[in-house]
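*Asks:* could you work out the structure for the sequence below:
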Amino acid sequence: MYSKEYYIYIMTNWSNIVLYTGVTNNLMRRVYEHKQKLVPGFTSKYNITKLVYYETTPDVNTAIGREKQIKGGSRQKKIDLISKMNPEWKDLYSAL
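*Replies:* Numbers count the residues shown, from 1 in each chain. You can find the predicted model right below:
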């Protein structure tokens, strides 16, 4: 049986100041769209181009719920989440 993956991700700008949380079923495509500024709005306005965190789940409702949980958390909780997975805040896009 075919299993779909959903991704919850956090991106930032070059100075790691602005944090953006999103959800997608194709992380590589979605990050590419952000990097190329193909998505008008928040991410292009604030130059959000660096993927610093992601997690996966096979269930779309779980992914949406997790995105809301992360978005509703404090900035410090997001920083802690990123730092645990990616202590150097490297761009994870090239490793996808």
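
*Asks:* going by C-alpha atoms from here, please, whenever you check contacts or count neighbours.
*Replies:* OK.

*Asks:* for residue 69, see how far away residue 96 is.
*Replies:* Separation of residue 96 from residue 69 (CA to CA, to the nearest Å): 24 Å.

*Asks:* so for these two, which sits in the more crowded spot?
*Replies:* More crowded of residue 96 and residue 69, by other CA atoms under 10 Å: residue 69, with 11 against 6.

*Asks:* how about the helix or strand containing that one: buried residues?
*Replies:* Taking DSSP states H and E as the definition, one finds residue 69 inside helix 60-72. The neighbour-count criterion (16 or more other CA atoms under 10 Å) identifies 60, 63, 64, 66, 67, 70, 71 as the buried residues of helix 60-72.

*Asks:* the residues you listed: which two are farthest apart?
*Replies:* Greatest spacing in the buried residues of helix 60-72, by CA to CA: 60 and 71 (16.5 Å).

*Asks:* how about residue 18, what does it touch?
*Replies:* If you count contacts by CA atoms under 8 Å, 6 or more residues apart in numbering, residue 18 has them with 12, 46, 48.

*Asks:* may I ask which of those has the most neighbours?
*Replies:* Neighbour counts for those, by other CA under 10 Å, peak at residue 48, which reaches 25 neighbours.

*Asks:* quick check: it vs residue 67, distance?
*Replies:* On the measure of CA to CA, residue 48 and residue 67 end up 17 Å apart.

*Asks:* now residue 43
*Replies:* Taking CA to CA, one finds residue 43 at 16 Å from residue 67.

*Asks:* can you give me the buried ones in the helix-or-strand element of the chain with minimal mean pLDDT?
*Replies:* Using mean pLDDT, DSSP states H and E, helix 42-45 stands out as the lowest-scoring helix or strand of the chain, at a mean of 95. Neighbour counts using 16+ other CA under 10 Å place 43, 44 of helix 42-45 among the buried residues.

*Asks:* how about the strands in the chain?
*Replies:* 6-12, 19-24, 50-57 (DSSP state E).

*Asks:* quick check: mean pLDDT of the last one?
*Replies:* Rounded to a whole number, the mean pLDDT of strand 50-57 is 98.
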